[in-house]
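Asks: build the 3D model from these lines:
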Amino acid sequence: MDRTMTSSADTTTEPALIALDWGTSSLRGFLMDGGARVLAERATAHGIQNLPQPGPAGFDAALAALCGDWLDAHPGLPVVAGGMVGSAQGWVEAPYVATPADATTLADRAARVETASGRPILIAPGVLHDPAGAPPDVMRGEEIQIAGALAENADWARNACIAMPGTHSKWVRVSDGRIAAFSSYMTGELFAVLKTHSLLGRLMPADREASPEDEAAAFAVGIRAAQSAGPGDLPHQLFATRTLGLTGRMPAEALAHYLSGLLIGHELRSGLALLAEMPAGTPLLLIGAPALCSRYGRGLAAFGVTPSAQLGNTAPRGLFQFATAAGLLPIGTAANTMSAP
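Replies: Numbers count the residues shown, from 1 in each chain. Modelled structure (predicted):
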């Protein structure tokens, strides 16, 4: 069942933008003022794979259910969107733009769609990194979060490494205000598949949780295993998730946390190798859900690394930067830091 959540801030400030973070499983809307402040926020489960009805009419219906009153009350406000709504399965496809990319690049290559009532919506493209001699990589939605993060600190826009934990984690190199390169890791999806659809999950009880002590210990064992791994060790170490449980060396409730630590640890080894190739002193930022970023922070601590900052939802500010770069907001609104470090 859809859930709608609303939170309000300074409602005396004049709205300037309706921003939509439209993903696979959820839709979030933000009513924002000219200072990039969120005046109101709403969310439903109407992601692109869960629309009220198929086709373009489903997108229209989802938008109306989320913020039809905002659209009616503010007929002149620009509307922008980012995320999977711009994918091939979305409302309209916004093809990937190549690295290096900044907010201006996204705005220049944005796609446009109109609602049934004729309201225009500007949709941000994703980003493609296609280095010579290596497989291509893509992101869609993360580029908006990155734009929001870089708007908060000009030093980050000049040079930063951004780790974005999630289903498909990203490690991103930012240089001169642009997304210069990135690598994706299927850490979250691998964990879900192995836990739910493999032999490893059969010993993991669904009705019992590990104690905080057992959870922390199992996660640390997984991290240490990844730290000590040699080439090709991961498949062997994955099987240890089962044998640690079979032999009673680890409580069944803690096995998922060992698996989590192992997969995150291998990702961190690779990601930190990328960070080591960047200039000395490059700040490392974490962007994502607080609980997951906290888990990554624990893993990083085992590697002797402390992130420079841990950020939450930067998408609203990123959508604001995108709208500014597209010329949809008047002169004098918050500056577009991503394209002008």
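Asks: for the stretch 1-150 of the chain, which spans come out with low pLDDT?
Replies: Applying pLDDT under 70 to the stretch 1-150 of the chain flags residues 1-12.
Asks: would you map the strands across it?
Replies: 7-8, 15-22, 27-33, 38-44, 79-82, 97-98, 111-114, 120-123, 127-129, 137-139 (DSSP state E, counting those that start in this stretch).
Asks: so how far is the longest one off the chain centroid?
Replies: Okay, so that is strand 15-22. Averaging C-alpha positions (C-alpha atoms, centre = their mean, to the nearest Å) puts strand 15-22 17 Å from its chain's average.
Asks: and that strand, what other elements does it pack with?
Replies: Here strand 15-22 touches strand 27-33, helix 56-73, strand 79-82, helix 315-325, going by 3 or more C-beta pairs under 8 Å, 6 or more residues apart in numbering; DSSP states H and E. No exception for glycine: its C-beta is placed from N, CA and C like everyone else's.
Asks: what pairs with it, and is each one parallel or antiparallel?
Replies: strand 27-33 (antiparallel), strand 79-82 (parallel) (DSSP bridges).
Asks: if we can go back for a sec, among the strands of the stretch 1-150 of the chain, which is the most enclosed?
Replies: strand 79-82 (a mean of 28; mean count of other C-beta atoms under 10 Å).
Asks: got the strands paired with strand 15-22 as JSON lines, with distance to P125 columns?
Replies: Listed next are the strands paired with strand 15-22 as JSON lines, based on distance: least, C-beta to C-beta, whole Å:
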{"stretch": "strand 27-33", "distance to P125": "19"}
{"stretch": "strand 79-82", "distance to P125": "9"}
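Asks: thinking again about what came up before, let's have the helices and strands packed on strand 15-22 in CSV, adding distance to G245.
Replies: Compiled in CSV, these are given as follows (distance: least, C-beta to C-beta, whole Å):
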stretch, distance to G245
strand 27-33, 38
helix 56-73, 43
strand 79-82, 42
helix 315-325, 39
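Asks: out of these, which gets nearest to R140?
Replies: strand 79-82 (8.2 Å; C-beta to C-beta).
Asks: for A64, what are its contacts?
Replies: For A64, the contacting residues are L71, by C-beta atoms under 8 Å, 6 or more residues apart in numbering.
Asks: picking that back up, of all the helices and strands packed on strand 15-22, which one is nearest R208?
Replies: strand 27-33 (32.9 Å).
Asks: quick one: that closest one to helix 315-325, angle?
Replies: Angle between the axes of strand 27-33 and helix 315-325 is 60 degrees (criterion: axes from the mean of the first three to the mean of the last three C-alpha atoms, to 10 degrees).
Asks: may I have strand 27-33 as PDB, with CA atoms only?
Replies: Extracted in PDB, the C-alpha atoms of strand 27-33 (Å, rounded to 0.1, in the frame of the first residue of the first chain):
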ATOM      1  CA  LEU A  27       9.000   8.400  -5.900                       C
ATOM      2  CA  ARG A  28      10.000  11.400  -3.700                       C
ATOM      3  CA  GLY A  29       8.900  15.000  -4.300                       C
ATOM      4  CA  PHE A  30      10.400  18.200  -2.900                       C
ATOM      5  CA  LEU A  31       8.900  21.600  -2.900                       C
ATOM      6  CA  MET A  32      11.900  24.000  -2.800                       C
ATOM      7  CA  ASP A  33      12.500  27.700  -2.500                       C
END
